[in-house]
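Predicted model and sequence follow; I will ask about them next.
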Amino acid sequence: MAEETFDVVVIGAGPGGYVCAIRAAQLGLKTALIEKEKTLGGTCLNVGCIPSKALLHSSEMIHFARNGAAAHGLKIEKPEVDISTLRKKTETVVSNLVRGVSMLVDKRGVKVFEGTGRLVNGTTIEISGKDKKTITAKSIVIATGSAPVELPFLPYDGKTIVHSTHALSFDKVPEKMVVVGGGAIGLELGSVWSRLGSDVTVVEFLPRIAATFDTDVTRVYERVLKRQGLKIETGTKVTGVKKAKGKTILTAEKGDKKLEFEAEKILVAVGRRTFTEGLGLEEAGVEIDEKKRIQTNERFQTNVPSIYAIGDVTSGPMLAHKAEEEGVAVAEILAGQAGQVNYGVIPNVIYTDPEVASVGVGEDEAKKEKIEINVGKFP
Ligand code: FAD
Ligand code: NAD
């Protein structure tokens, strides 16, 4: 027998889920939010956007103190990195924000359950963990997000071979670090540790880094990052990892050349995959595609009419603001309104220095699609 029943139950309290729950409650729907972690906010607030941006900010200031301040007539004697204060500062930024989200959710009257939600069928969810119980809902919104992709020949050990979560809280600046993947995470966290003093090499499989941006943007971008001290090897295929004289060495191939990179830390940042473990998708009959993304229609509805899905667990760019927009839209649809997302205008930004950003159709795509455009360039 189910203990409680709701209009909407949201599984996962990341930017998709918590925004959806708040909007649904605002619109008068009796709403519950299930989160398996102790804090709300998901990947973005706890181990993603927010801590990485806090580190980017701090490391930018340290870099400026070391390399730019003197030109402004600012004398700073030997700036040093105090890693424990740096980490505490990041933790404070995160904890203030997740506390803020909890307050917002409570204020709107959303019922929060701490535990892992599993679909029993299209309207019933079993919660295991702290708030163990079974609840029912007229509509269920899946917002369980994503997790780092693991390369089979570079399994994470959390010490030498790490993913983004580990790379947010190293206890010292690694002397040498290799980043596998020149996308948003690789370039942002690579920049952070490089600015803090690490010798960082980014190894990218494709012929250029940040390949979702226009070619003329990435050409300049790569040059600027290299000038800042980042080493970048594009068109390079990682083949494995080995130990030699107690040192860890990443092996790779660039055309006919065999390359080796000694590394204290190897950050693997080759993308993220949908997270649906233990969710009971099969039991509930929810369809996924070949990349394990939950399939939805333009109303965010899966093939099971009472089950909806938003954010990283579905298709489209894995971005917090995309998840949030979908959260708002699905809540509005469930409240009988006409919620929608304009996928043509989702901004994409990498928050290095310089930041690179794009929105809508870029020059490369326009040329490929034979769309007539005017191109303007200015320094
Ligand atoms: P998530 O934020 O992943 O939240 C899903 C939540 O569901 C998690 O809290 C999880 O614990 C919970 N959950 C999963 N399964 C269950 C279950 N069965 N029961 C209960 N709870 C469950 N995006 C940007 O737009 N800008 C950035 O600057 C940016 N920086 C990033 C930096 C890093 C290092 C990383 C890793 C990501 C970054 N992203 C950024 C991407 C962004 O974090 C994601 O796109 C966003 O968090 C997706 O939101 P979501 O709600 O779909 O999922
Ligand atoms: P990504 O898809 O942005 O970049 C991964 C990179 O790794 C690509 O350039 C890819 O060509 C490369 N790659 C893949 N396999 C490889 C291999 N075997 N060897 C070498 N290179 C390889 O993924 P990410 O950087 O891991 O980020 C994950 C997600 O998080 C993305 O969807 C991203 O949008 C999001 N994110 C966004 C921001 C932001 O908006 N500023 C910041 C961080 C993360």
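Great, that's in hand. Ligands and ions are numbered 1, 2, ... in the order given.

Briefly note if stretch 189-200 comes near ligand 1.
No - judged by CB under 6 Å from any ligand atom, stretch 189-200 stays clear of ligand 1, getting no closer than 6.7 Å. Placement of C-beta: from N, CA and C, glycine included.

How far away from the center of its chain is that stretch?
Distance of stretch 189-200 from its chain centroid, counting by CA atoms, centre = their mean, to the nearest Å, is 19 Å.

what does stretch 70-85 give?
For stretch 70-85, the distance to the chain centre is 30 Å (CA atoms, centre = their mean).

Then stretch 94-107?
That offset, for stretch 94-107, works out to 19 Å (CA atoms, centre = their mean).

residues from the stretch 251-379 of the chain in reach of ligand 2?
Residues of the stretch 251-379 of the chain lying close to ligand 2 (CB under 6 Å from any ligand atom) are 269, 270, 271, 272, 317, 318, 319, 349, 350, 351.

Using CSV, write out every CA atom in whichever strand or helix holds residue 63.
Using DSSP states H and E, residue 63 maps to helix 49-67. Taking Å, rounded to 0.1, in the frame of the first residue of the first chain, the C-alpha atoms of helix 49-67 are listed here in CSV:
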residue,chain,number,x,y,z
CYS,A,49,29.5,24.1,-12.6
ILE,A,50,29.8,25.8,-9.3
PRO,A,51,32.9,24.4,-7.7
SER,A,52,34.7,24.5,-11.1
LYS,A,53,33.8,28.1,-11.5
ALA,A,54,34.9,29.0,-8.0
LEU,A,55,38.2,27.3,-8.7
LEU,A,56,38.5,29.1,-12.0
HIS,A,57,37.9,32.4,-10.3
SER,A,58,40.4,31.8,-7.5
SER,A,59,43.1,30.4,-9.9
GLU,A,60,42.6,33.4,-12.2
MET,A,61,43.4,35.7,-9.3
ILE,A,62,46.5,33.8,-8.4
HIS,A,63,47.6,33.7,-12.0
PHE,A,64,47.1,37.5,-12.2
ALA,A,65,49.1,38.1,-9.0
ARG,A,66,52.0,36.1,-10.4
ASN,A,67,51.9,37.2,-14.0
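
what does that helix contact?
With CB atoms under 8 Å, 6 or more residues apart in numbering as the test, helix 49-67 has contacts from 41, 44, 76, 79, 81, 86, 89-91, 93-94, 97, 164, 168, 185, 188-189, 191-193, 195-196, 228, 320, 351-353.

redo that, cut-off 6 Å
Where contact means CB atoms under 6 Å, 6 or more residues apart in numbering, the residues beyond helix 49-67 that reach it are 76, 79, 86, 90, 93-94, 97, 168, 188, 192, 195-196, 320, 351, 353.

So which bits of it are buried?
Buried residues in helix 49-67, counted by 16 or more other CB atoms under 10 Å: 49-52, 54-56, 58-60, 62-64, 66.

Tell me the first helix or strand C-terminal of that helix.
According to DSSP H and E, the helix or strand after helix 49-67 is helix 83-107.

Quick check: end-to-end length of stretch 228-246?
Terminal residues of stretch 228-246 are spaced 30 Å apart (CA to CA, to the nearest Å).

How about that stretch and ligand 2, any contact?
Yes - using CB under 6 Å from any ligand atom, stretch 228-246 comes into contact with ligand 2 via residue 238.

hang on, isn't residue 307 packed against residue 140?
Yes - between residue 307 and residue 140 there is a contact under CB atoms under 6 Å: 4.9 Å.

With neighbour numbers in mind, choose between those two.
Neighbour totals were compared for residue 307 and residue 140, and residue 140 leads with 29 against 25 (other CB atoms under 10 Å).

which neighbours does the host helix or strand of the more buried one have in its sheet, and in what orientation?
Per DSSP H and E: residue 140 is located in strand 133-142. Strand pairing for strand 133-142, using DSSP bridges, gives strand 4-11 (parallel), strand 124-128 (antiparallel), strand 307-309 (parallel).

Would you format the ones you listed as TSV with mean pLDDT and distance to residue 277 included?
As requested, those are exported to TSV (pLDDT from 0 to 100; distance: least, CB to CB, whole Å):
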stretch	mean pLDDT	distance to residue 277
strand 4-11	98	12
strand 124-128	98	13
strand 307-309	98	15
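
Please identify the deepest-packed of those.
Highest mean neighbour count among the strands paired with strand 133-142 (mean count of other CB atoms under 10 Å): strand 307-309, with a mean of 27.

That one: what's the following helix or strand?
helix 320-334.

Tell me which helix or strand comes right after that next one.
According to DSSP H and E, the helix or strand after helix 320-334 is strand 348-350.

For that following strand, list every residue counted as buried.
Buried residues in strand 348-350, defined by neighbour count with 16+ other CB under 10 Å: 348, 350.

Is that strand positioned near ligand 1?
No - Strand 348-350 lies out of reach of ligand 1 by CB under 6 Å from any ligand atom, never closer than 6.9 Å.

Does anything pack onto that strand? Which helices or strands?
Judged by 3 or more CB pairs under 6 Å, 6 or more residues apart in numbering; DSSP states H and E, strand 348-350 is in contact with strand 356-358.

right, quick check: the strand it packs on against ligand 1, any contact?
No - Strand 356-358 lies out of reach of ligand 1 by CB under 6 Å from any ligand atom, never closer than 11.2 Å.

What residues sit buried inside that strand?
Buried, per 16+ other CB under 10 Å, within strand 356-358: 356, 358.

Starting from that strand, tell me which strands it pairs with and how they run.
Sheet pairing of strand 356-358 (DSSP bridges) gives strand 348-350 (antiparallel).

mean confidence score for the partner strand?
What strand 348-350 shows for mean pLDDT is 98.

same question, stretch 78-85
Across stretch 78-85, the average pLDDT comes to 95.
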